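> need a structure here:
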Amino acid sequence: MLNVGAISEGFVLDHIKAGMSLQIYHDLKLDELDCTVAIIKNARSNKMGKKDILKVECPIDMLDLDILGFIDHNITVNVIREEKIVEKKQLHLPKEVHHIIKCKNPRCITSIEQELEHVFVLTDPDREIYRCKYCEEKYEPKK
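Just a heads-up that it's a prediction; the model follows:
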């Protein structure tokens, strides 16, 4: 049995799709922070079969819930203080995402104006469709 120690203050990201923890690690820029991170891949799960878990020991305000909600709004975020879960945060699809997706349309203004912010807007929450704010190019996630 694998034993990963308790954290005193931070958060645990649970119910991550198996194999997605390293992408989330980089998307949240945890590699740029000076904090302790435990990545558990392919853990057994009654609900999902297999899942990944991230345990991060750092202040909770370091976590960008919009990025996390965009990646997968079904992830469970457990906030830890004094080695106890004090809150479970519910994620949602953000209405806009900034600098997470890059527009692939070569005629988009973001291709010409390099310093222009890449902004995608949630246009269909039921089907989880995001479109470029400038040219309305649809974001196609990698399958």
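> Let's verify the residue most central in space within the chain: helix, strand, or coil?
The chain has residue 68 as the residue nearest its centroid, 2.4 Å off, counting by C-alpha atoms, centre = their mean. Per DSSP: H, G, I helix; E, B strand; the rest coil, the secondary structure class of residue 68 is helix.
> Same check on residue 104?
Under three-state DSSP, residue 104 comes out as coil.
> Number of residues surrounding residue 81?
14 (other C-beta atoms under 10 Å). For every residue, glycine as well, the C-beta is placed using N, CA and C.
> contacting residues for the residue nearest to the centre of the chain?
Residue 68 sits next to 13, 24, 28, 75, 77, 91 when contact means C-beta atoms under 8 Å, 6 or more residues apart in numbering.
> so which one among the residues you listed has the lowest pLDDT?
Ranked by pLDDT, those bottom out at residue 28, which has 85.
> what's it in contact with, if anything?
Counting by C-beta under 8 Å, 6+ apart, residue 28 has contacts 63-64, 67-68.
> next one: residue 139
Here residue 139 is in contact with 101, 120, 129-132 (criterion: C-beta under 8 Å, 6+ apart).
> one more time with 7 Å, if that's ok
Neighbour list for residue 139: 101, 120, 130-131 [criterion: C-beta atoms under 7 Å, 6 or more residues apart in numbering].
> Could you tell me how far the lowest-mean-pLDDT helix or strand in the chain lies from the centre of the chain?
Least confident element among the helices and strands of the chain, by mean pLDDT, DSSP states H and E: helix 65-71 (a mean of 86). Mean C-alpha position of helix 65-71 versus that of the full chain (C-alpha atoms, centre = their mean, to the nearest Å) differs by 4 Å.
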